[in-house]
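1. I need the structure of the sequence given here:
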Amino acid sequence: MNEVVFLRTHNSHSSLEAGYDTVAQNQLKDITSQLEDGVRSLNIDVYFEEGEVVVCHGACEFGYELYSKVLGDIEAFLRNNPFDVVLLDLQVETEKEKVAEVTEGSGVAEFLHVQVPGQPWPTLGEMVESGGRLVFFADRYVQGPSWYHAVEDFIYGTHWEAAYLEDLNCELTREPMEHGLFELNHIFTRLFARIEVSEEINYNPLLWDRIKECSAAVGRGPNLLSLDFYSHSDGLDAVDRLNRGE
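-> Next up is the predicted model:
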């Protein structure tokens with residue numbers, strides 16, 4: 001799996017279609033539409049509000065959904081697409097026990113893959129055959145279940161804070177780990193995500209040039225290409241080209 005490239009949507013949940021306020025939007029399409037388009041790596045922020053585990057972006061007054069509803073959308077896609085593998089990484093802003101409880105109580109539980117840090121990944125075909133087609137990452141949870149993978153044990157990548165072209169570089173935020181996943185963050189935060197700002201960097205040749213520049217600098221191509229407003233980008237085309245070996 002760590003030889004495959006996935007398009008990752010940054011703040012996948014905070015979209016126009018899901019009803020989030022403009023100041024909180026990082027995408028136009030909701031998670032179901034993203035998965036149908038070919039996105040296979042999702043990033044969401046999880047909070048606890050009014051007795052429920054919810055997904056928000058910053059402040060929940062800008063928009064929120066039940067975390068269980070988001071998991072239901074992912075479950076529906078996995079059931080309808082039995083040969084696809086999905087990656088899910090969470091920014092957890094509440095107790096990890098609550099997140100684990102909702103996850104294990106949802107329909108995605110039967111799809112959760114278990115991976116030992118530092119060990120070789122199975123092929124996508126092997127994951128399909130085993131049924132473990134959802135890979136879960138979040139901040140470290142020492143007493144967590146085996147499927148609750150610490151992101152810092154598996155994923156390394158470039159910094160996500162950039163406002164202008166000169167801020168985009170190929171420096172890594174943590175050291176690579178054996179059999180790790182390389183994430184190329186290609187997003188602007190000026191002051192918050194806006195489609196017209198993202199469009200400055202979301203298209204070729206700039207997008208493709210940065211992919212090749214950082215691939216050379218890191219010594220390998222990315223596994224996760226992370227974008228805002230992927231629907232206004234050449235992201236899916238870039239992922240297809242990389243998976244063809246270009």
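2. grab the CA positions of the longest strand anywhere in the chain and hand them over as CSV.
-> If you go by DSSP state E, the chain has its longest strand at strand 41-49. The C-alpha trace of strand 41-49 is given here as CSV (Å, rounded to 0.1, in the frame of the first residue of the first chain):
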residue,chain,number,x,y,z
SER,A,41,-7.7,9.6,1.8
LEU,A,42,-9.8,11.7,4.1
ASN,A,43,-8.8,14.2,6.9
ILE,A,44,-11.4,15.3,9.5
ASP,A,45,-11.4,17.1,12.8
VAL,A,46,-13.3,15.6,15.6
TYR,A,47,-14.8,17.4,18.6
PHE,A,48,-17.3,16.8,21.5
GLU,A,49,-20.3,19.1,21.6
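3. against which helices or strands is that strand packed?
-> The contact analysis (3 or more C-beta pairs under 8 Å, 6 or more residues apart in numbering; DSSP states H and E) places strand 41-49 against strand 6-9, helix 31-37, strand 52-56, helix 67-80, strand 86-92, strand 224-227. From N, CA and C alone the C-beta is placed, and that goes for glycine too.
4. could you dump these to a markdown table with distance to L16 and mean pLDDT?
-> As requested, the helices and strands packed on strand 41-49 are exported to a markdown table (distance: least, C-beta to C-beta, whole Å; pLDDT from 0 to 100):
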| stretch | distance to L16 | mean pLDDT |
| --- | --- | --- |
| strand 6-9 | 13 | 98 |
| helix 31-37 | 10 | 98 |
| strand 52-56 | 15 | 97 |
| helix 67-80 | 16 | 98 |
| strand 86-92 | 20 | 98 |
| strand 224-227 | 15 | 98 |
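5. so how far is the helix or strand of the chain with the lowest mean pLDDT off the chain centroid?
-> Within the chain, no helix or strand scores below helix 195-198, which has a mean of 94 by mean pLDDT, DSSP states H and E. For helix 195-198, the separation from the chain centroid amounts to 19 Å (computed by C-alpha atoms, centre = their mean, to the nearest Å).
6. with stretch 220-236 instead?
-> That offset, for stretch 220-236, works out to 10 Å (C-alpha atoms, centre = their mean).
7. put the alpha carbons of that stretch into CSV.
-> Coordinates of the C-alpha atoms in stretch 220-236 are reproduced here as CSV (Å, rounded to 0.1, in the frame of the first residue of the first chain):
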residue,chain,number,x,y,z
ARG,A,220,10.7,9.1,-3.1
GLY,A,221,7.3,10.1,-4.5
PRO,A,222,4.4,11.0,-2.2
ASN,A,223,1.8,8.5,-1.0
LEU,A,224,-0.7,11.2,0.0
LEU,A,225,-1.2,14.4,-2.1
SER,A,226,-3.1,16.7,0.2
LEU,A,227,-5.2,19.5,-1.4
ASP,A,228,-7.9,22.1,-0.6
PHE,A,229,-10.7,22.4,-3.1
TYR,A,230,-9.5,19.3,-5.0
SER,A,231,-12.5,19.6,-7.4
HIS,A,232,-10.8,22.7,-8.8
SER,A,233,-7.4,21.2,-9.3
ASP,A,234,-5.3,18.8,-11.4
GLY,A,235,-4.9,16.6,-8.3
LEU,A,236,-6.7,13.4,-9.6
